[in-house]
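Student: Need coordinates for the below:
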Amino acid sequence: MDYSVRGNDIFLYQPDFELDDTFDCGQAFRWTKTGEDSYEGFYLNTPLRISIVDRRDRIFRFENTSEQVFLEQWYNYLDLSTDYGELKRRFSEDETLARACKYAGGIRILRQDSWEALSSFIISQNNNIPRIKGIIGRLTEHYGGYPSSQQLADETEESLAFLRSGFRAKYLVDAVAKINSGELDLAEAASLPLEEAEKRLMSIKGVGPKVAMCALLFGMHRTDAFPIDVWMKRALERWYPNGLPDCVKGYEGVAQQYLFHYIRNHPQEDM
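Tutor: Below you'll find the predicted structure:
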């Protein structure tokens, strides 16, 4: 990793990273595009404005960020320890994935907080991204930041009416109750074999396979987790009826993001 500190900013040289690909691909809901080359968002309650200042040399600016915060939070959040160039080279052994990687080669899997990711994807069910962001925005405004499960302990389906989240409120309440009681330990779930981890998360009312896999991939960095929605069902039926290629083993979730982003933007195109 190559970076420099200039005043109150961090300048990072980082190939295989695009802001749009990473922050606008449906894996996180607290990022807003503020200009052609900039985004503002949060990791939990630490804010960040990030922009690309040199496309050719792949230089990104982290505004008003100390070196300590960059190394302790953003380095991990942006998964800067992973060589995505190598992953794309590996995936490109498969013709379909080669095209997907070429289209959205700047995707990185964000290492989100496990509770924030789980609760966000509970809110995301049968929902569109603008509405999801609206619900989460009302939640963070009410609490002055993203609330922990402990902060939500006294909430009920009725008291969460201000979120205007519909049926999702009762699922959120159940998740809070199970986590706060110790019935569900997210750290423990993250370390289990994938199928067992999925089953553990699905003990929450309203959490099905897709939400569980999203929570595992985006909130626990289980790169072997493979969320399946209507887009991915189409991709699997069309290109992988006999299963995913061996080149993605262990990183199925990363491959999923390249495929998902491509097919969502090219629904009629034959890759």
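Student: What lies in contact with stretch 209-219?
Tutor: 27-28, 109-110, 112-118, 121-122, 124-125, 186, 189-190, 194, 197-198, 201-202, 207, 222-223, 225-229, 253, 256 (Cβ atoms under 8 Å, 6 or more residues apart in numbering). Quick note: C-beta positions are derived from backbone N, CA and C, even for glycine.
Student: measure that stretch end to end?
Tutor: In stretch 209-219, first residue to last residue: 15 Å (Cα to Cα, to the nearest Å).
Student: Out of the contacts of stretch 209-219, which sit inside helices?
Tutor: 114-118, 121-122, 186, 189-190, 194, 197-198, 201, 253, 256 (DSSP state H).
Student: quick one, what contacts Ser148?
Tutor: Contacts of Ser148 (Cβ under 8 Å, 6+ apart): Trp115.
Student: let's go with 10 Å and repeat that
Tutor: Shown in contact with Ser148 (Cβ atoms under 10 Å, 6 or more residues apart in numbering): 44, 113, 115-116, 119, 176, 179-180.
Student: Can you add distance to Gly243, pLDDT and neighbour count and give those back as CSV?
Tutor: Shown next, in CSV, are those (distance: Cβ to Cβ, whole Å; pLDDT from 0 to 100; neighbours: other Cβ atoms under 10 Å):
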residue, distance to Gly243, pLDDT, neighbour count
Leu44, 37, 89, 14
Asp113, 32, 97, 18
Trp115, 32, 98, 21
Glu116, 32, 97, 23
Ser119, 32, 98, 26
Val176, 37, 98, 22
Ile179, 34, 98, 22
Asn180, 39, 98, 14
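Student: of the ones in helices among the contacts of stretch 209-219, closest to Gly243?
Tutor: When these are compared for distance to Gly243 (Cβ to Cβ), Gln256 wins out at 13.4 Å.
Student: Next up, the contacts around the closest residue to the closest one other than its chain neighbours.
Tutor: Leaving aside its sequence neighbours, Gln256 sits nearest to Phe226 (Cβ to Cβ, 6 or more residues apart in numbering; 5.3 Å). Counting by Cβ under 10 Å, 6+ apart, Phe226 makes contact with 194, 209, 213, 216-217, 232, 236, 244, 248, 251-256, 259.
Student: Please parse this protein into its domains.
Tutor: Domain assignment for the chain, taken from automatic domain parsing, gives 2-81, 114-219.
Student: Switch the ones you listed over to CSV; also include distance to His266.
Tutor: Output for these, formatted as CSV (distance: least, Cβ to Cβ, whole Å):
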stretch, distance to His266
domain 2-81, 14
domain 114-219, 18
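Student: quick one: which of those is nearest Asp94?
Tutor: Comparing the domains of the chain by Cβ to Cβ, domain 2-81 comes nearest, at 18.0 Å.
Student: Was I right to think Ile132 contacts Phe121?
Tutor: Yes. Shown here, Ile132 and Phe121 form a contact pair, counting by Cβ atoms under 10 Å, at 9.1 Å.
Student: So for those two, which sits in the more crowded spot?
Tutor: The residue with more neighbours, out of Ile132 and Phe121, is Phe121; 26 against 19, by other Cβ atoms under 10 Å.
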